[in-house]
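# give me a 3D structure for the following:
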Amino acid sequence: MHSGRALPIAMAAALVAAALTIAPAGAAPPSYATTAGKVRLAGQTSLEPIDTNTEVRPGRDDVSDGTTSVHPGERAQTNRQPHGSGSSASPTASGPVTAGSQPQPAGASLLESWEGLNHFDQRFGSSDGNNAFSLEPPDQALCVGNGLIFESVNDVVAVYDTNGNLLSQPKSMNDFYNYPPAINRTTGEFGPFVFDPTCHFDPVVNRWFHVIINLESLTNGTLTGISDIDLAVSATGSPLGVWNIYHIPGQNDGTEGTPNHACGGGPCFPDYPHIGADAHGFFIAINEFDFFGPDYQGVNLYGLSKSQLAAGAAAVNMSLTFIDGFAEEAFTVWPAISPGTNQFETRNGGTEYFLSSTAAFNDVDGSSERIFAWALTNTRSLDTTPALQLKKVTVPVNRYVIPDNAAQRPGPTPLRECINDTKIVIQGLGRGCWRLFFAPQDQPAHNEIIPALDASPASAMQQVTFAGGRLYGALSTGVSGPDRAGIAWYAVAPSINRLGVLSATLAAQGLVAASGANNVIYPALGVRPDGKGVMAFTLVGPDHFPSAAYVTFSGNATGGIQIAAAGLGPDDGFTGYAAFVGDQSRPRWGDYGAAAFDGNTIWIASEYIAQTCTLAQWLNSNFRCGDTRTALANWSTRISQVRP
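Okay, here's the model as predicted:
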């Protein structure tokens, strides 16, 4: 099993960075650097209840006028991967062997399920109307509380009740963060491109938290190197209403009060943010790269006072811990979220735990038999004078390996068929459907195939939960018998003694795999305090179009694969085609799903394909197929409530 790990292009834009003052905060190990300071309130936004008297009217989809190649109407938001210095070896290790289980329709455990935000909502159906890009992947965030469901994808947010009724008009993330639209299709000016949403409802402070990354650009789309980690916190216990916004400058080049991490070319690039919380702190973890170069630098762990954020304070205490990526084999160090109000680690002045994997640093065969448990201690100090300390311990596990891309079941793919077509006459352009997207001098090769989906090219750790004294996490791995993508999961028991020494034992581990040559990719595992939980993922392969699926979890074992919503056709997005992105080494899917706790049940969110249409139907419907897709993509999301 193998996966290419060249850094994909992440195109993004944003505006506005706020003041951040940072000063040294004491000694740290050589490969860690800890600083502390303040992040300041930058403004407010709101999500309004739906107005039944308004309607968003979309304009024409993203197609060229035939005089130039496809105009800027698509952006591939791709989380970057670490790579060795000069090494290009492809991983070749075999994954664990398993026959896998036969997926079945969901049983009584599935309480609610509905289609969430889809690509049409993102491109046309939000508050920005026609002034949005086509974007892949959706990168789904989900948080639940007080009888409300908040969903966010690249690049739109919405609120539902627990029956799936839409309570807010879908709002673009640009609009939500008070930025201009991604592109003004009248003037052609670029606005901020925000990406990688993630969210959490915290019952301790009764507040909703939402985080994104943005990169500043000029109005012509040129990236400046300035970036922000944007954080929105609701002012009440409802996501419908006012939110306070904080901007954390992310370039870490010594400007705007940031530390200088000496990234090649100047500014650093913050990527792939994920969030966690303990009793005292709210935590954001990002991967850091050169902005204008290919190199990976490490991981930034931001800790902020949760109580100050909940109060809407004008200045919030913050600690930043930088981890040297290659010295510590640190990549996607995912912070834990705990269910309820009493599952936090209280020892050592409060402790936030993290998990990470290490296969991405093996340039020989892309495998590993280790994961890391991390701990930030003294989180209580975030409310006064931040003085956090980072610790790490190795946890031996069964062998896992970076998976290959996941093959799809054949079916209608009108975008692919259009790129390959040379016979259909397009009025005003000539012969060949491809002319809708490309100028004559940029004629594609007409040899696109149905893409195999990205199944996690770094075997990065996915959503982490701390409950009942255990850390739970999961990652994608190659499995054999036959070769396909599966999921390895772990239950780790961490402990810190009176001297502050971190230890961790592997309490349980397991493997989830589908039968035949079918794949399960991008897990999101949520666990209750009693050790019961649910793991969401996408099921895809020769027997299944991309489907929203899950398994229930009992602490030491998982049940059979259940299908919450069967896919109706193949993924047919522009990032799967060389004509748009240059190659097919990483057709975009996922990056992550989500699981959220709600009493005895767990809500899950996954990407899937909820539509199908032929080339003729696509062409005759202005590429929309009944408003189920657009010209350039057809992804959708699924929200489900499951009782473990």
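
# partner strands of the lengthiest strand in the chain, parallel or antiparallel?
Counting residues, the longest strand found in the chain (DSSP state E) is strand 32-47. Strand 32-47 pairs in its sheet with strand 20-24 (antiparallel), strand 241-249 (antiparallel), strand 315-324 (antiparallel), by DSSP bridges.

# in that strand, what's buried?
Neighbour counts over strand 32-47 (16 or more other Cβ atoms under 10 Å) mark 32-42, 45, 47 as buried. Heads up, the C-betas are built off the backbone N, CA and C, glycines and all.

# using PDB, list the CA coordinates for it.
In PDB, the C-alpha atoms belonging to strand 32-47 read as follows (Å, rounded to 0.1, in the frame of the first residue of the first chain):
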ATOM      1  CA  TYR A  32       9.500  22.800  21.900                       C
ATOM      2  CA  ALA A  33       9.100  26.500  22.100                       C
ATOM      3  CA  THR A  34       6.400  28.000  24.400                       C
ATOM      4  CA  THR A  35       5.300  31.700  24.300                       C
ATOM      5  CA  ALA A  36       2.300  33.500  25.900                       C
ATOM      6  CA  GLY A  37       0.300  36.600  25.200                       C
ATOM      7  CA  LYS A  38      -3.100  37.900  24.300                       C
ATOM      8  CA  VAL A  39      -5.500  37.600  21.500                       C
ATOM      9  CA  ARG A  40      -7.900  40.500  21.100                       C
ATOM     10  CA  LEU A  41     -11.600  40.800  20.200                       C
ATOM     11  CA  ALA A  42     -11.800  41.900  16.600                       C
ATOM     12  CA  GLY A  43     -15.600  42.300  16.100                       C
ATOM     13  CA  GLN A  44     -18.900  40.400  16.000                       C
ATOM     14  CA  THR A  45     -21.000  38.500  13.600                       C
ATOM     15  CA  SER A  46     -24.400  36.800  13.700                       C
ATOM     16  CA  LEU A  47     -26.400  33.900  12.400                       C
END
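
# residue numbering should commence at 746 henceforth.
New numbering, starting at 746: the last item is strand 777-792.

# next one: the strand or helix carrying Tyr1145 to chain centre, how far?
Assessed by DSSP states H and E, Tyr1145 sits inside strand 1134-1146. Chain-centre distance of strand 1134-1146: 22 Å, with Cα atoms, centre = their mean, to the nearest Å.

# then stretch 983-1000?
Per Cα atoms, centre = their mean, the centroid offset for stretch 983-1000 relative to its chain is 18 Å.

# first-to-last residue distance for it?
Terminal residues of stretch 983-1000 lie 36 Å apart, using Cα to Cα, to the nearest Å.

# wait, a helix at Trp920?
Rather than Trp, residue 920 is Asp. Yes - under DSSP: H, G, I helix; E, B strand; the rest coil, Asp920 falls within a helix.

# quick check: pLDDT value at the closest residue to it other than its chain neighbours.
Distances taken as Cβ to Cβ, 6 or more residues apart in numbering put Ser872 closest to Asp920, at 4.6 Å, once the chain neighbours are dropped. Reading off the confidence values, Ser872 has pLDDT 93.

# and the gap between the residue lying closest to Asp1128 once chain neighbours are set aside and Pro794?
Spatially, and ignoring its direct neighbours in sequence, Asp1128 is nearest to Ser1050 (5.1 Å; Cβ to Cβ, 6+ apart). Ser1050 sits 30 Å away from Pro794, going by Cβ to Cβ, to the nearest Å.

# looking at those two, which one has more neighbours?
Neighbours per residue (other Cβ atoms under 10 Å) separate Ser1050 from Pro794, with Ser1050 holding more: 25 against 12.

# beta partners of the more buried one?
Taking DSSP bridges as the rule, Ser1050 bridges to Gly1026.

# what residues does it make contact with?
Residues in contact with Ser1050 (Cβ atoms under 8 Å, 6 or more residues apart in numbering) are 1025-1027, 1058, 1061-1063, 1127-1128.

# ok, now with 6 Å
Ser1050 makes contacts with 1061-1062, 1127-1128, as judged by Cβ atoms under 6 Å, 6 or more residues apart in numbering.

# Gln1362 belongs to a helix?
Yes - membership of Gln1362 in a helix is supported by three-state DSSP.

# what is the burial count for it?
When neighbours are defined as other Cβ under 10 Å, Gln1362 has 15 of them.

# which SS state does the closest residue to it other than its chain neighbours fall under?
By the measure of Cβ to Cβ, 6+ apart, the closest residue to Gln1362 outside its immediate chain neighbours is Cys1370, 5.6 Å from it. With three-state DSSP as the basis, Cys1370 sits in coil.

# tell me how many other residues crowd Cys1370.
Applying other Cβ under 10 Å, we find 22 residues neighbouring Cys1370.

# which residues sit in contact with it?
Contact analysis of Cys1370 by Cβ under 6 Å, 6+ apart lists 1358, 1362-1363.

# try Thr1297
Taking Cβ under 6 Å, 6+ apart as the test, what Thr1297 contacts is 854, 1279, 1304, 1389.

# most neighbours among the residues you listed, which one is it?
Val1279 (29 neighbours).

# for that one, give the beta-bridge partners.
Beta-bridge partners, per DSSP bridges, of Val1279: Gly1271, Thr1297.

# for it, give its distance to Val1224.
Plainly put, Val1279 is 21 Å away from Val1224 if you go by Cβ to Cβ.

# before we move on, the earlier item: please report how far the residue nearest to Gln1362 lies from Pro1018.
In terms of Cβ to Cβ, Cys1370 sits 33 Å off from Pro1018.

# got it, and Val1296?
27 Å.

# so Lys1277 touches Pro1389, yeah?
Yes - the pair Lys1277 / Pro1389 is scored as a contact, 3.8 Å apart, by Cβ atoms under 6 Å.

# so which strand or helix has His955?
In this assignment (DSSP H and E), His955 forms part of strand 952-962.

# which elements pack onto that strand?
For strand 952-962, the elements it packs on are strand 938-947, strand 968-979, strand 1013-1022, judged by 3 or more Cβ pairs under 6 Å, 6 or more residues apart in numbering; DSSP states H and E.

# with mean pLDDT, distance to Pro1332 and mean neighbour count added, can I get those strands in CSV?
Formatted as CSV, these follow (pLDDT from 0 to 100; distance: least, Cβ to Cβ, whole Å; neighbours: other Cβ atoms under 10 Å):
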stretch, mean pLDDT, distance to Pro1332, mean neighbour count
strand 938-947, 95, 18, 25
strand 968-979, 95, 24, 24
strand 1013-1022, 97, 18, 26
